[in-house]
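Structure, please.
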Amino acid sequence: MKGYESDDPYKYYDEVCIFNHGDRDAQGFPILHNSLVADKARYREFELMDIRSCVHYGMNTDEEVYRKSFENGALGFTCDHPDICGEILDRIGARKLKK
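Next comes the predicted model:
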């Protein structure tokens, strides 16, 4: 069998949305302890595979979460409040101010 099922799926990805990937519960879902933000090594792992690292923070508008993600290597950001997300990204220097 060839393709996604039997092959390395990462070779098909251009971007991935990553979060803290620490311990997992019995169903395999991440147990988030201190932060939603993945460590630098996780971002670097995808960078080495030539895959862009992105994050989605839903309703979270905590500037420190965005700042830490940007510092660790996130290249794309989305949230459920794009105007607020954009303002945060401008403040932390993650993008040029849009006019």
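
The residue most central in space within the chain in helix, strand or coil?
By C-alpha atoms, centre = their mean, the chain has its centre lying nearest to residue 55, at 2.9 Å. Following DSSP: H, G, I helix; E, B strand; the rest coil, we place residue 55 in the strand state.

do residue 66 as well
Residue 66 carries the three-state label helix when classified by three-state DSSP.

how about the nearest residue to it, chain neighbours excluded?
Closest residue to residue 66 apart from its sequence neighbours, by C-beta to C-beta, 6 or more residues apart in numbering: residue 88 at 4.9 Å. From N, CA and C alone the C-beta is placed, and that goes for glycine too.

Now for the one you found: which residues touch it?
61, 63, 66 (C-beta atoms under 8 Å, 6 or more residues apart in numbering).

so which strand or helix has it?
Assigned by DSSP states H and E, residue 88 belongs to helix 82-92.

re the thing from before, buried only: go through the contacts of residue 88 for me.
Burial by neighbour count, 16 or more other C-beta atoms under 10 Å: within these this picks out residue 66.

Using CSV, lay out the contacts of residue 88 together with pLDDT and distance to residue 72.
As requested, the contacts of residue 88 are exported to CSV (pLDDT from 0 to 100; distance: C-beta to C-beta, whole Å):
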residue, pLDDT, distance to residue 72
61, 87, 19
63, 92, 15
66, 92, 11
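
Show me where this protein has its helices.
Using DSSP state H, the helices found in the chain span residues 40-48, 63-72, 82-92.
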